[in-house]
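Colleague: This is a predicted model, with the sequence first.
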Amino acid sequence: MKPEFENIPLVKAEKRFEIELNGHYAFIDYRETSHQIALIHTEAEPELAGTGAAAAVVEKTLNYIEESGKKLLPFCPYVFAFIKKHPEWKRIVDEKFDGYDKL
């Protein structure tokens, strides 16, 4: 994560995790059960394109999921690719996830 994002808090709203930088947002839509959090879609506003905001919100969200003790279902292609690039995060992916063996 780029240093400029380290101190930006992750906000868990009703249906998305988000970070805000200079009035613009990067967010991940999610669904949650008692044991799992499914990440559905990651997006950053155009003003944040190329800044690392999307990667920062993913990393902060993965930390949140790990701290919660829940398992991750990475349905979002961006999150899936992030975990492939950072395989240490596979530790929080639910082993029953359909694409688990592709991570």
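Modeller: Perfect, I can see it now.
Colleague: in this structure, which spans are helices?
Modeller: 53-68, 77-85 (DSSP state H).
Colleague: any idea which of these is most buried?
Modeller: Stretch with highest mean neighbour count among the helices of the chain: helix 53-68 (a mean of 20; mean count of other C-beta atoms under 10 Å). C-betas here are computed from N, CA, C, even on glycine.
Colleague: got the angle between that one and helix 77-85?
Modeller: Per axes from the mean of the first three to the mean of the last three C-alpha atoms, to 10 degrees, the angle that helix 53-68 makes with helix 77-85 is 70 degrees.
Colleague: Let me see the mean pLDDT of helix 53-68.
Modeller: Averaging pLDDT along helix 53-68 yields 98.
Colleague: and Ile28, how many neighbours?
Modeller: The local packing of Ile28 (other C-beta atoms under 10 Å) involves 25 other residues.
Colleague: how far away is the closest residue to Asn22 other than its chain neighbours from His24?
Modeller: Spatial nearest neighbour of Asn22, excluding adjacent residues (C-beta to C-beta, 6 or more residues apart in numbering): Glu47 at 7.7 Å. Distance, Glu47 to His24, using C-beta to C-beta, to the nearest Å: 4 Å.
Colleague: Looking at those two now, which is surrounded by more residues?
Modeller: Under the neighbour definition other C-beta under 10 Å, Glu47 and His24 were set side by side, and His24 has more, 15 against 12.
Colleague: Any idea what that one is bridged to?
Modeller: Note on His24: beta-bridge partners by DSSP bridges are Leu21.
Colleague: Please apply the same query to the one 4 residues further on.
Modeller: In this structure, Ile28 bridges to Phe17, Thr42 when assessed by DSSP bridges.
Colleague: so how far is Asp101 from it?
Modeller: With C-beta to C-beta as the criterion, Ile28 and Asp101 are 23 Å apart.
Colleague: try Lys84
Modeller: Going from Lys84 to Asp101 by C-beta to C-beta gives 12 Å.
Colleague: Glu88 too?
Modeller: Separation of Glu88 from Asp101 (C-beta to C-beta): 17 Å.
Colleague: next one: His86
Modeller: Taking C-beta to C-beta, one finds His86 at 17 Å from Asp101.
Colleague: So for the two, which sits in the more crowded spot?
Modeller: Neighbour tally, His86 and Asp101, criterion other C-beta under 10 Å: the higher count belongs to His86, 13 against 7.
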